[in-house]
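**Q** from the sequence below, what's the structure:
(chains A and B)
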Number of protein chains: 2
Amino acid sequence: MKSDLDRLMLERKLDAIIVAGGEEFNTARYYLSNGAQITHGTIFKLPGKPALLVCSRIELEEAEKSGLAVKTDVELGYYDRYKDAEGDSLKATALHWADVMGSLGLSGGRVGLYGAWQINKTIALYRVLQSQLPAYEFVAEEKTTLIEEAMLTKDADEIARIRSVAERTNAVMELAWERISSLRPDGDFLLDESGRRATIGDIKDLVRRELMARGLEDTNMIFAQGRDAGFPHSRGEADAPLRLGQAIVFDLFPRELGGGYHHDMTRTWCIGHAPAALRRDYDTVMEAFDIALETFGLHKPTHLMQEAVLDHFEGLGHATTRSEPATMEGYLHSLGHGVGIDIHEGPSISHLRRNDIFQIGNILTIEPGLYYPERGYGLRVEDMFVVDESGQLTSLSPFRKDLVIPLKYADGKVK
Amino acid sequence: MKSDLDRLMLERKLDAIIVAGGEEFNTARYYLSNGAQITHGTIFKLPGKPALLVCSRIELEEAEKSGLAVKTDVELGYYDRYKDAEGDSLKATALHWADVMGSLGLSGGRVGLYGAWQINKTIALYRVLQSQLPAYEFVAEEKTTLIEEAMLTKDADEIARIRSVAERTNAVMELAWERISSLRPDGDFLLDESGRRATIGDIKDLVRRELMARGLEDTNMIFAQGRDAGFPHSRGEADAPLRLGQAIVFDLFPRELGGGYHHDMTRTWCIGHAPAALRRDYDTVMEAFDIALETFGLHKPTHLMQEAVLDHFEGLGHATTRSEPATMEGYLHSLGHGVGIDIHEGPSISHLRRNDIFQIGNILTIEPGLYYPERGYGLRVEDMFVVDESGQLTSLSPFRKDLVIPLKYADGKVK
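**A** Numbers count the residues shown, from 1 in each chain, chains lettered A, B, ... in the order given. Here you go, the predicted structure:
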């Protein structure tokens, strides 16, 4: 968690870390600035010392909400350096960073670089840093960075925020279920109150509105039906009418409005009834889900959980990315991932990640699925879990896992 | 515009461009993939040839909506390279990119890198590319990239989308105005129908809902009142009650839902009445706005427009970032910027940017302002414009620029 940063910096022998970037949503900056609503700003931190946020004067008011020490680039002499560099903004940035680190008592050493930025600008700045500041070694971590390692385990405040997002997301999923169940069947389709065919877009609109009413924002939910559901990340066609008896993969992963913590959960629904083959595969997915939970153990490697699920699916004749790496059918993805400010964080539950383990404070998904686009369906069930203080895996997605949404209307009347 | 990309590649002597990145919103990828809803995927393009989008199999369905040639990383042998690289994913990526470029007929040359990604990963990959693929020179453009240069001028489809976003944004601003004007004054405050004091958060909620109902999403609007408005990028306090006679800077810059084109406009409002000093400065800002429009000329350098506005403000005794680079009061920012998939694109209207010119197809803002936090106010007025086919500057923000929102209630009754 965030309080581990000083220790992690020492372990990695870093004399400072810098979190930089442009207007892109910047997870590392959001995390270290405690969610300050800034679009620029660079954070400097030495081990054992408080972080310094250097911001533009036009964002000073928001920057100060970070709780960090804050200075403007103007007062730290950025524009003098811009003149020194004759308008070369990358060179000015390099000289300015040296000034800032100097003001913190550093004149050289190993500096880790983090944040998110344009690829071309990052490379160009990296070259300039190397040529302008030879007393420093700039470190680009290839594997799990120290910030990602801190984010692997959430502190009590973060878990409280995530629990709240989870409760609101479950409530919205209930509203979507209720809405669908109240529609009037008409052949293979469903009609709304005005007699119009209800569409995927109608449900997505409802979900977005209800999320917003609860202080959450959609981040491009998946609501994919029939063959589309057979592609794990197909978003679904807004104009397509809802159809009875088709698999709908509904993967909802909103976050706090304006950026913040996520909840991630998926249900597969069939409206009215489900074909037998689909129902059989759904049972197989639910068995995989239960096997995953049984495999859980605190401090156990996460890949063992994925491997148990792979064994299960392969044992029943389904292709997996382990048994047939190029397959386009069967079980096509990893079993789960951490969730936080990013929708995909560590730990990963994958047979390709050997070093991840379950730890107290993890927030992670478990989401087995089967995908058969040629048969016209895909299936996935996902809960998000917290590994709580007692080392238990506790679901934050209690919403029911029924496959079939029963319709309240039948034979022209409400049941 | 996008059709210029081949020419721009030749001018920059690039044998290929690669647009890469992770889950960050990636403007270059959105642009080149025509808005495909993918969170991964790498685009390879050689001059004069169609672009190839290499995606994960789980995003194939969405990737194909790009209209580009699409292949999965699996079918192009990524996982074989992952084995060759013994699980070193950066090395595997480098080898895989060479394979892809080879399949396009390239075995070396100058390759421009674009997109957005984590800073540490970009640097680490760049090092690996240099060591693994010595036949290639990887180019990181420092100034305006060829993609940014293409984006400077919008094509007819883009302008039509932007016009639509603009119309919807203006309509929502009207609703906010109407809502405020319908509130009942109570001393310095305003009461809603239930007798509760109306807050900034109430207006923000209304605006977010109404944007969403029109297929738009807020990207963290500014609705800042009183002293907060004196900091150009203060977002405003949701819990703060609306107050009569205070400057409210309302800067609204939504985009198409799920990512896409923006509209950007700002109005400054005083509810009920405006103090004389504030009104005088507002007139000065409006004069600056008119001076900016008069200074416009097709193919003229943009910095001349900023300089005319600087002359105006300085002539009236206001500090600017030209006259007093460290000032925290007065006119604190550049006059405007391009708008598109990013909220801040080129051209820039700044005295520090000497090479930008006005061109047909530009979409850009003009937004003079004055900021006096110690006097308890800030003021900004912003329209977004298109430089149309005839070379005229046409506002896309026709919403009225009245400073005072008159209240419908007065002396306890509706006027």
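**Q** C-alpha from now on. contacts and neighbour counts both.
**A** OK.
**Q** ok, the residue nearest to A:Gly297 when sequence neighbours are not counted to chain B distance?
**A** Using CA to CA, 6 or more residues apart in numbering or on different chains and skipping the chain neighbours, the partner closest in space to A:Gly297 is A:Phe358 (7.1 Å). Note on A:Phe358: its distance to chain B, by CA to the nearest CA, to the nearest Å, is 22 Å.
**Q** one more: A:His344?
**A** 9 Å.
**Q** what about the longest strand in chain A?
**A** Criterion DSSP state E: the longest strand present in chain A is strand A:109-118.
**Q** what about it and chain B, touching?
**A** Yes - contact of strand A:109-118 with chain B (CA under 8 Å from any CA of the partner chain) involves A:Leu113, A:Tyr114, A:Gly115, A:Ala116, A:Trp117, A:Gln118.
**Q** what's the burial count for the residue nearest to A:Gly297?
**A** 23 (other CA atoms under 10 Å in any protein chain shown).
**Q** A:Thr284 should be in a helix, yeah?
**A** Yes - judged by DSSP: H, G, I helix; E, B strand; the rest coil, A:Thr284 forms part of a helix.
**Q** next, count neighbours for it.
**A** A:Thr284: 19 neighbours (other CA under 10 Å).
**Q** quick one, what contacts it?
**A** A:Phe313 (CA atoms under 8 Å, 6 or more residues apart in numbering or on different chains).
**Q** could you do the one 4 residues further on as well?
**A** The neighbourhood of A:Ala288, defined by CA under 8 Å, 6+ apart, consists of A:Val309, A:His312, A:Phe313, A:Pro368.
**Q** and for the first one, nearest residue in space, chain neighbours not counted?
**A** Of all residues not flanking A:Val309 in the chain, A:Ala288 sits nearest, at 5.5 Å (CA to CA, 6+ apart).
**Q** any buried residues in the helix or strand encompassing the one you found, and which?
**A** Using DSSP states H and E, A:Ala288 sits within helix A:276-295. Neighbour-count burial for helix A:276-295, counted by 16 or more other CA atoms under 10 Å in any protein chain shown, picks out A:Leu278, A:Arg279, A:Asp281, A:Tyr282, A:Thr284, A:Val285, A:Met286, A:Glu287, A:Ala288, A:Phe289, A:Ile291, A:Ala292.
**Q** using TSV, lay out those together with pLDDT and distance to A:Gly259.
**A** TSV is the format used below for the buried residues of helix A:276-295 (pLDDT from 0 to 100; distance: CA to CA, whole Å):
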residue	pLDDT	distance to A:Gly259
A:Leu278	97	37
A:Arg279	98	37
A:Asp281	98	36
A:Tyr282	98	34
A:Thr284	98	36
A:Val285	98	32
A:Met286	98	32
A:Glu287	98	35
A:Ala288	98	33
A:Phe289	98	30
A:Ile291	98	34
A:Ala292	98	31
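**Q** need those residues in TSV with distance to A:Glu23, can you?
**A** What follows is those, written out as TSV (distance: CA to CA, whole Å):
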residue	distance to A:Glu23
A:Leu278	45
A:Arg279	46
A:Asp281	44
A:Tyr282	42
A:Thr284	44
A:Val285	40
A:Met286	41
A:Glu287	44
A:Ala288	41
A:Phe289	39
A:Ile291	43
A:Ala292	39
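**Q** and A:Ser397, which of the three is it?
**A** coil.
**Q** which SS class is the closest residue to it other than its chain neighbours?
**A** In this structure, A:Ser397 finds its nearest non-sequential neighbour in A:Asp383, 5.2 Å apart by CA to CA, 6+ apart. Following three-state DSSP, the label given to A:Asp383 is strand.
**Q** just checking, A:Asp383 touches A:Val339?
**A** No - assessed by CA atoms under 8 Å, A:Asp383 is found out of contact with A:Val339, at 11.3 Å.
**Q** more neighbours: those two, which one.
**A** Each of A:Asp383 and A:Val339 has its neighbours counted (other CA under 10 Å); A:Val339 has more, 28 against 23.
**Q** please parse chain A into its domains.
**A** With domains defined by automatic domain parsing, chain A comprises A:2-149, A:152-414.
**Q** between the two ends of the first one, how far is it?
**A** Start-to-end span of domain A:2-149 (CA to CA, to the nearest Å) is 9 Å.
**Q** can you report how many residues lie near the residue of the stretch 301-415 of chain A at minimum distance from chain B?
**A** The stretch 301-415 of chain A approaches chain B most closely through A:Ala326 (5.7 Å), counting by CA to the nearest CA. Neighbourhood size, A:Ala326 [other CA under 10 Å]: 20.
**Q** cool, A:Asp402 as well?
**A** If you count neighbours by other CA under 10 Å, A:Asp402 ends up with 12.
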